[in-house]
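*Asks:* sequence-free structure coming up:
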RNA sequence: GGCCCGGUGGUCAAGCGGCUAAGACACCGCCCUUUCACGGCGGUAACACGGGUUCGAUUCCCGUCCGGGUCACCA
């Protein structure tokens, strides 16, 4: 077999040699220790939580080491490509602080264009490059054409049809298929020529010389020492449309683009032997690998499952819609990524998470469950530490998109909104009322007549007493009172009507009273805020002003 | 089924041969308190199982079990 001639027959249009290409992709000039990573999505949908996870790592590492973080679009499967998906991915990533130095990024007009010297960064644009290397492998007898059609393959592969897995004798089937495929390595020039002349499509397969009985040793930066059987599968390098499979594109691109660390989900672990073999065939230096544990969710049987699209909480845009601020999501991701993040954060409370020295060694080896409780806690803390202005701006931005009416109310009187949002804010122990922006309206809506309504019932007392409390309140209420004077008046009303003004006294002998001052307060609170629970009533009244306060109490009293 | 990865409380997790097995979230209780929120204090709750190795295993080795992933001209 003349491999040179075979290569020419298969790739007559490729005249470059690998050396020509190498010359166009010189090694990057970076400082010692600088890491080069990439995020390489296929444009088939939105970013989901499982994708944000590794991409956060991929962003941190180079940006912490003076390296380069680039975006490569793996659009090698035209069938699955979704219009506009790539643009969407980039935008979503950007809101979560994932920004690229290089690659297929958005220009001013919001269109994808290349930035950097190692492009093109869309794999569909790199056909000739892959073909050059494929041709070289054919020339060296390390790859060969395969004319077996997809239909024929389907028949051989019945084993892999998911539903039949349990009923099929895998061992036998797999062996049969393997022999069948191995037989197709044998061909003559004449046969190839006949196929080519007839215009039959072909794929290029690697000629795998691995021995599954032997093991390849390997060290993953997060998983540690690993051992796999050598690859003995003639996997496809180039599809019949001349576009590479993931495996081949990974080897060629990460080599040419100078990736130092390949960061990807652990579902790639099983194909590692293929990649090791490929890099070796191609004479490329193997990059360092980091296989990141997957985020899991609980299925209906209580078992963990890989979090995938469609799952609740998968689509990052859902978090935006739910009103989670990106900072909260990022911080939550950090707590999952590095177990010592929280400890660091406690000591560096005002520093952004980007100041945290991310450490590969601290990464978890096993997959974790997505925990909304934890996210909520992180989120509350972040929101509670923001200034009223920050909260206002972000809240308005969110409401403008998802609750325009509320946005109008908020912007109609900025000062009022700021005053409300300032309640219990600042200082060492701020209130934590807000977890998402969507919590704002239920929390503060009652301050606005547009949203005010009595939603909680009055305590279980006779209506006359409640009305009497309100009447007396109206008689004594003076907005100029200091807080203590104001509350003394409430206490006085309580005593007058047989309620305990002093909680300690009440607790010692509850039967001696009709109730206590807390009950009395709650009558007024419900009248003024519509709710049993609200921030400090005195403060609320100060914000509402005398007129509104009196109007609400009067109305409530009349309604009883 | 083969191959691979993993297995400390409900969740995230410290631990890296000797500890009463941290901490955070959640949950429960108490305190503070006119409600809520905040805060303080306390509590329930874990090394999957069985063999080794060792003076001593959560930690090292093997097996079992359980969970996950993967076995395409998808990535």
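*Replies:* Structure received. On a predicted model such as this, the values are computed, not experimentally measured, just so you know.

*Asks:* Check which residues of the strand or helix carrying residue A:377 are buried.
*Replies:* Using DSSP states H and E, the element containing residue A:377 is helix A:372-385. Of the residues in helix A:372-385, A:375, A:376, A:377, A:378, A:379, A:380, A:381, A:382, A:383, A:384, A:385 count as buried by neighbour count, 16 or more other C-beta atoms under 10 Å. Backbone N, C-alpha and C define where each C-beta goes, glycine included.

*Asks:* contacts with RNA strand B among those residues, please.
*Replies:* Contacts with RNA strand B are made by A:376, A:377, A:380 out of the buried residues of helix A:372-385, judged by C-beta under 7 Å from any atom of the strand.

*Asks:* any idea how far the next helix-or-strand element following the helix holding residue A:377 is from the chain center?
*Replies:* Per DSSP H and E, the first helix or strand lying C-terminal to helix A:372-385 is helix A:388-402. On the basis of C-alpha atoms, centre = their mean, to the nearest Å, helix A:388-402 sits 21 Å off its chain's mean C-alpha point.

*Asks:* And RNA strand B, is helix A:388-402 touching that?
*Replies:* No - taking C-beta under 7 Å from any atom of the strand as the criterion, helix A:388-402 and RNA strand B are apart, separated by no less than 13.7 Å.

*Asks:* Next, the angle helix A:372-385 makes with that helix.
*Replies:* Orientation check (axes from the mean of the first three to the mean of the last three C-alpha atoms, to 10 degrees): helix A:388-402 against helix A:372-385 gives 130 degrees.

*Asks:* can you list contacts of helix A:388-402?
*Replies:* A:320-321, A:323, A:325, A:383, A:386, A:406-407, A:410-411, A:414, A:417-419, A:421-422, A:425, A:434, A:437-438, A:440 (C-beta atoms under 8 Å, 6 or more residues apart in numbering).

*Asks:* Pull out the buried members of these.
*Replies:* Burial of these was assessed by neighbour count (16+ other C-beta under 10 Å); the buried members are A:320, A:323, A:325, A:383, A:386, A:406-407, A:410, A:417-418, A:421-422, A:425, A:434, A:437-438, A:440.

*Asks:* Out of the residues you listed, which sit inside strands?
*Replies:* Within those, no residue falls in strands by DSSP state E.

*Asks:* Of those residues, which belong to helices?
*Replies:* Among these, the ones falling in helices (DSSP state H) are A:320, A:383, A:406, A:407, A:410, A:417, A:418, A:421, A:440.

*Asks:* tell me the two of the residues you listed that are most distant?
*Replies:* Using C-beta to C-beta, those span at most 23.6 Å, a distance reached by A:320 and A:418.

*Asks:* Show me what the helix holding residue A:377 is packed against.
*Replies:* In this structure, helix A:372-385 packs against helix A:326-337, with contacts taken as 3 or more C-beta pairs under 8 Å, 6 or more residues apart in numbering; DSSP states H and E.

*Asks:* at 10 Å instead, please
*Replies:* helix A:316-322, helix A:326-337, helix A:341-347, helix A:388-402 (3 or more C-beta pairs under 10 Å, 6 or more residues apart in numbering; DSSP states H and E).

*Asks:* Low-confidence regions, chain A specifically.
*Replies:* Low-confidence segments of chain A (pLDDT under 70): A:158-169.

*Asks:* Recalculate using a threshold of 50.
*Replies:* A:161-165 (pLDDT under 50).

*Asks:* Let me see the domain layout of it.
*Replies:* Taking automatic domain parsing as the criterion, chain A consists of the domains A:3-13+A:126-292, A:299-361+A:370-384, A:388-432, A:463-559.

*Asks:* which one's the longest helix in chain A?
*Replies:* Using DSSP H, we find that the single longest helix of chain A is helix A:49-65.

*Asks:* Give me the buried stretch members for that one, please.
*Replies:* Neighbour-count burial for helix A:49-65 flags A:49-65 (criterion: 16+ other C-beta under 10 Å).

*Asks:* strands paired with the helix or strand that comes right after that helix, and their directions?
*Replies:* Once helix A:49-65 ends, the next helix or strand along the chain (criterion: DSSP H and E) is strand A:68-71. Strand A:68-71 pairs in its sheet with strand A:36-39 (parallel), strand A:102-106 (parallel), by DSSP bridges.

*Asks:* tell me the angle the longest one makes with helix A:49-65.
*Replies:* Angular relation of strand A:102-106 and helix A:49-65 on a 0 to 180 degree scale: 130 degrees, by the same axes, to 10 degrees.

*Asks:* Mind checking if strand A:102-106 is in reach of RNA strand B?
*Replies:* No - looking at strand A:102-106 against RNA strand B by C-beta under 7 Å from any atom of the strand, there are no contacts, and the closest approach is 13.3 Å.

*Asks:* so how far is that strand from its chain's centroid?
*Replies:* Mean C-alpha position of strand A:102-106 versus that of the full chain (C-alpha atoms, centre = their mean) differs by 20 Å.

*Asks:* can you list contacts of it?
*Replies:* A:36, A:38-40, A:43, A:62, A:68-73, A:75, A:86-87, A:90-91, A:94, A:99-100, A:112-123, A:125, A:257 (C-beta atoms under 10 Å, 6 or more residues apart in numbering).

*Asks:* could you point out which element follows the helix or strand containing residue A:484?
*Replies:* Here residue A:484 sits within helix A:483-496, counting by DSSP H and E. Using DSSP H and E, the next helix or strand after helix A:483-496 towards the C-terminus is strand A:499-500.

*Asks:* Outside of that following strand itself, which residues are in contact with it?
*Replies:* A:461, A:465, A:469, A:490-491, A:493-494, A:506-510, A:512-521.

*Asks:* The residues you listed in strands, which ones?
*Replies:* Secondary structure defined by DSSP E assigns A:515, A:516 of the contacts of strand A:499-500 to strands.

*Asks:* Fine, thanks again, bye for now.
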